[in-house]
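>>> build the 3D model from these lines:
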Amino acid sequence: MPLKAIKYSLLALLWLMPKNSFAQKENHNWYFGDYIGINFNTQPPSALTDSKMTTIEGSASISNSKGQLLFYTNGVSVWDRNHNLMPNGDSLKGDVSSTQSALIIPVPDSSHLYYIFTAAAWGSDIGLNYSVVNINLNGGNGDIVSSKKNIFVVGPISEKLAAIQKPNRKEFWLLVHKYHSDTLLAYSVSANGINTDPVVSKTGLVVKPRFSEMSFIGAMKISPNGKKIAMVHNGKDTIVIGDFDVNTGKASNWWHIKQQYNPYGVEFSPKSNFLYVSAENAEKCVLQFDLNTSSPEDFLASRKGIFFDDWTWIIGALQLGPDGKIYVCIKSKRSVSVIHAPDSAGMACRPEVAYITYPYEPERITELGLPAFIAALPPQKWIINSDTTICIGDSALLTCTKENVKSIVWSNGSTDFKIFVKQPGKYWVTVTDSADFVFVDTVTVDVGPKFKVYIGPDTAFCGKFSYLIKATPGFAKYQWNTGQNSSQITVDSHGIYTVKVLDDNSCPSGDTTIISYCEALTYFIPNSFTPNNDNRNDVFQVKGANISNIEMSIYNRWGEKIYESSGKDVSWNGKYNEVPCPEDVYIFKLKITGTNREEVAFESGNVTLLRR
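Model prediction:
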């Protein structure tokens, strides 16, 4: 039976940011079905059981940018953040048995006003209406403004509501499908209100007012990239797909895909690669279609079944979540299922039954619907370049798109669409689009290489040797003057060794080390000295050749250490704590290291301190 029978300088950047930067966490609390919901403020998402709402099909909910619930509705009643019915929050002209009974859109340039758009059921003349919620009313819990309740817009319409941000991030398109026709209406929602002169598109498929067809049933969605629109007409067993221009609100190039399965829910994958459709099909599965096909025939041929379990009866709404997963409502369950990887083909999309579960309570159960939300465009990129790194002495070409642009000014004052930069830093462009909205986009330019290569100090060896030279790891390419291209080499001969490297940005760096010959370590240790300041034999000091370091310790005749030091030219001046020591015989201990650091000598003996 048909489903219906069941029923952008940083200061400037901040100033220019739109006040309705929607889709931060505004969609993090879902309320739907009978007394259930989903909380996306937790990882993974968790069940909500504080709802006071029941609805057979559509609903809508809205949170603030921090993910804190503001209110929710089934298109007839409105509950506030404390789950109390708003004082004036009843008798809206939606219907609990309308596929997409309600949709909430923030009033542009307002921090406390929200539109609730409602769609009547059964294609009735009640049609599309809106009411305005003021969050500041009712002690900050919100209420419907009495003079802005159930304002008629158009009718009759099918049970379809969809909305998307415009590229300026300040305004929205609200889309409805007019019943008794093939007309799609796109209403502009701006700070000036709702433009009641909509953009009109023709789908080429007339939805006729026949009760036996029930063609008013079925959802409508706009793709996340803003380029496609899809809707299903349940009674006509048809999927309708068209191209959408998010700048103008116009839709065109329609495909009519006939399916004998009473389609109901529809949703796009996050990257707009696939379309998912729920339907009353014998296989009890969600249908997946490839949107990268070039014809209706290829699109239909790409159909794959996404299966959940053998107990699936009726699959209702599909809704893309803020976590990039598609949530699947299976009727009369105490759980919600999910498609984990919607941009993967076939069963690789990883369907999971009963992903969110609810406690066993007779009244707490799924129906057909999930809440409807605004499709949020990905962040607008006016600068074509991504953040980049250039080599020292090179320049980066930064390019601003010309599409839908009236004028631009770069942070360096240039008004050209392309600029060359050599210095590191953050560059931004201020764009005025064709509708006179102003935006700021930024890009960061670094100058590399980020790291310099190092292969160690110069060294010397006496006789035969084998020496491992290690270059700094992590570079993309190495080239030694020996012809090798690894990050380290082993050498056994004296000479100059050089490596040249390229990092991931193809920026070069290099280093050189010298391995030289060394002579044998030689040294002379005197047996006496006279510290009388005549500049002749005033200190006890080891002399020699090819010495790199000496560690010296001096002891008196009782074994007390009175001096200790190290260095290439270390010496003792005959004092202990800056007091001259008496004439006597003292004991020394020495560790002498040669320039070939493998050559080390240890010496000990007596030295006589004389004062004459």
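>>> so Ile514 makes contact with Asp458?
Yes: the criterion here is C-beta atoms under 8 Å, and Ile514 meets it with Asp458 at 4.4 Å. Every residue, glycine included, has its C-beta placed from N, CA and C.
>>> more neighbours: these two, which one.
Between Ile514 and Asp458, counted using other C-beta atoms under 10 Å, the more crowded position is Ile514 (13 against 10).
>>> the more buried one: what's it in contact with?
458-459, 495-497 (C-beta atoms under 8 Å, 6 or more residues apart in numbering).
>>> what's the span of stretch 496-515, first residue to last?
Stretch 496-515 has its terminal residues 6 Å apart, counting by C-alpha to C-alpha, to the nearest Å.
>>> if we can go back for a sec, now the contacts of Ile514 as JSON lines including distance to Gln259, secondary structure and pLDDT?
Output for the contacts of Ile514, formatted as JSON lines (distance: C-beta to C-beta, whole Å; DSSP: H, G, I helix; E, B strand; the rest coil; pLDDT from 0 to 100):
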{"residue": "Asp458", "distance to Gln259": "77", "secondary structure": "coil", "pLDDT": "87"}
{"residue": "Thr459", "distance to Gln259": "77", "secondary structure": "strand", "pLDDT": "84"}
{"residue": "Gly495", "distance to Gln259": "76", "secondary structure": "strand", "pLDDT": "91"}
{"residue": "Ile496", "distance to Gln259": "75", "secondary structure": "strand", "pLDDT": "94"}
{"residue": "Tyr497", "distance to Gln259": "71", "secondary structure": "strand", "pLDDT": "94"}
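>>> buried ones only from the residues you listed, please, as a PyMOL command.
The buried residues among the contacts of Ile514 can be selected in PyMOL (16 or more other C-beta atoms under 10 Å) with this line:
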select buried, resi 459+497
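>>> closest to Glu267 among the contacts of Ile514?
Distance to Glu267, by C-beta to C-beta, is smallest for Tyr497 among those, at 61.2 Å.
>>> buried stuff in the helix or strand where Thr593 lies?
Using DSSP states H and E, Thr593 falls within strand 584-594. Residues of strand 584-594 classed as buried: 586-588, 590, 592-594 (neighbour count, 16+ other C-beta under 10 Å).
>>> try stretch 135-145
For stretch 135-145, a neighbour-count test (16+ other C-beta under 10 Å) marks 135, 137-138, 141-144 as buried.
>>> hey, where'd the strands end up in the stretch 201-350 of the chain?
All strands of the stretch 201-350 of the chain, identified by DSSP state E, counting those that start in this stretch, fall at 220-222, 228-233, 238-244, 251-258, 263-268, 274-279, 285-290, 304-307, 315-320, 326-330, 335-339.
>>> in terms of mean pLDDT, which of the ones you listed ranks lowest?
If you rank the strands of the stretch 201-350 of the chain by mean pLDDT, strand 304-307 sits at the bottom with a mean of 90.
>>> okay, that strand in CSV with CA atoms only?
The C-alpha trace of strand 304-307 is given here as CSV (Å, rounded to 0.1, in the frame of the first residue of the first chain):
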residue,chain,number,x,y,z
LYS,A,304,22.3,-0.4,-6.1
GLY,A,305,20.4,-1.8,-3.1
ILE,A,306,21.7,-0.8,0.4
PHE,A,307,20.4,-3.5,2.7
